[in-house]
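In: sequence first, then the predicted structure, then my questions.
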Amino acid sequence: YSSSLYITMRLSQSRSLLCAGFLLLVSFLMSADGFQHAPSIKARPITRLHSDAGTDDYAPSDCDDSSEMLSTTPTPPEAEVLKSKLLNLCASYDRGYGSTPSARRRVDDIVTELTDLNPTMDGARGIDGTGTASVPLEGIWRMVWTAAFDVLSLGANPLLACAAIYQKIDPPTAVNIIDLVPRIQSLLPGLPPNVLRAEVTTTAYSRVNMPGRVGLVFNSVKLQPIEVMGMEAGALPPVGVNFPQIPGADGSSGPGYFDILYLDEDMLIYKQSDPGGYFVLTKADDCDP
């Protein structure tokens, strides 16, 4: 009898956690395009091209683009210094969740400087999974800072706290991953751990004449318990919904997109479409909770 009661209590706690997480994530998705303009951060208006003479010419960003022509240059030394300062601020102010106005201004200034030093002008290359060119965005990226209100508002939830947040890009699929834990767990680390993972799956598209813009179409959202009361919960079924697809609409021209501000081998900074805001992410080996 006691074993049955214990199992019933665990399942009840799991269902409560799932419901709270599902309502949280749905409200997040209804208020935003999801993971994808901070007024002070502007993308570079030019695109670097290789001329026949071997020197670099500059042309407007709406010029005819070709992945073979666009250049990726080594990360400038001054960018490494700025990245180090940026990561220190990210760690000190909890990814933006605990930032002060002064810290936000300092991060904004560094992001603006890094945007001017972006070594990868064709960051969206190969993102739609067609072709054989290397894909600069491919891999797992961990969020270390955000200025986007829709994601910062997740920190105001009284029940759940954001643990790690990732973006896993395997062209043409991009999966946004948010690990959620009970807020009391972060206050009392001795409690048995509970982890709920939210995944938002999108399809990524390149945009014509916009080598630094990635279009997005949202496909589905899923909530999966990872750990319940310190025990693996992979046997529990996920809860999810598929988003309706609008005929004739795709990521090559739709309203969902993000613009790459800076991209090198271990850091990605981009700004999203409405409701705006930018993200700083670093390369990760995996997205294990």
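Out: Sure thing, it's come through. Residues are numbered from 1 along each chain as shown.
In: correct me if wrong: Pro182 contacts Ala161.
Out: Yes - counting by C-beta atoms under 8 Å, Pro182 touches Ala161, with 7.5 Å between them. For glycine as for every other residue, the C-beta is placed from the backbone atoms N, C-alpha and C.
In: any regions of this structure where pLDDT drops low?
Out: 1-72, 132, 248-249 (pLDDT under 70).
In: tell me which element the residue nearest the centre of it falls in.
Out: Compute the mean C-alpha point of the chain, and by C-alpha atoms, centre = their mean the closest residue is Gln167, 4.5 Å away. For Gln167, the host element (DSSP states H and E) is strand 160-170.
In: in CSV, list the C-alpha atoms belonging to stretch 134-151.
Out: The C-alpha coordinates for stretch 134-151 follow below in CSV (Å, rounded to 0.1, in the frame of the first residue of the first chain):
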residue,chain,number,x,y,z
SER,A,134,29.7,24.1,-44.4
VAL,A,135,27.1,25.5,-42.1
PRO,A,136,28.5,28.0,-39.6
LEU,A,137,25.4,27.8,-37.4
GLU,A,138,25.4,24.0,-37.1
GLY,A,139,25.8,22.6,-33.6
ILE,A,140,24.6,23.2,-30.1
TRP,A,141,24.6,26.7,-28.6
ARG,A,142,24.0,27.6,-25.0
MET,A,143,22.4,30.9,-24.1
VAL,A,144,24.5,33.1,-21.8
TRP,A,145,22.7,36.4,-22.2
THR,A,146,19.5,37.8,-23.5
ALA,A,147,17.9,41.2,-23.8
ALA,A,148,14.6,39.8,-25.1
PHE,A,149,11.7,40.6,-22.8
ASP,A,150,9.8,37.5,-23.8
VAL,A,151,12.6,35.2,-22.5
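In: residue numbering should commence at 17 henceforth.
Out: OK, 17 is where the count begins now, so the last one is stretch 150-167.
In: where exactly do the helices run in the chain?
Out: Secondary structure of the chain (DSSP state H): helices at 18-46, 93-108, 117-132, 165-168, 199-203.
In: so how far is Ala179 from Gly114?
Out: 15 Å (C-beta to C-beta, to the nearest Å).
In: neighbour count: these two, which is higher?
Out: Applying other C-beta atoms under 10 Å to Gly114 and Ala179 shows that Ala179 carries more neighbours, namely 15 against 10.
In: contacts only, for that one.
Out: Ala179 sits next to Asp195, Leu196, Val197, Val211, Pro305 when contact means C-beta atoms under 8 Å, 6 or more residues apart in numbering.
In: if you set the cut-off to 6 Å instead, what comes out?
Out: By C-beta atoms under 6 Å, 6 or more residues apart in numbering, the residues touching Ala179 are Asp195, Val197.
In: roughly how far does the residue nearest to the centre of the chain sit from Gln261?
Out: 22 Å.
In: then Pro209?
Out: Separation of Pro209 from Gln261 (C-beta to C-beta) stands at 37 Å.
In: what about the two, which has more around it?
Out: Pro209 (15 against 12).
In: how about the more buried one, phi and psi?
Out: Backbone torsions for Pro209, taken as degrees, to the nearest 10, come to phi -70, psi 150.
In: kindly report the same for Val151.
Out: Backbone torsions for Val151, taken as degrees, to the nearest 10, come to phi -110, psi 100.
In: nearest spatial neighbour of it, skipping sequence neighbours?
Out: Nearest non-adjacent residue to Val151, counting by C-beta to C-beta, 6 or more residues apart in numbering: Gly142, 3.8 Å away.
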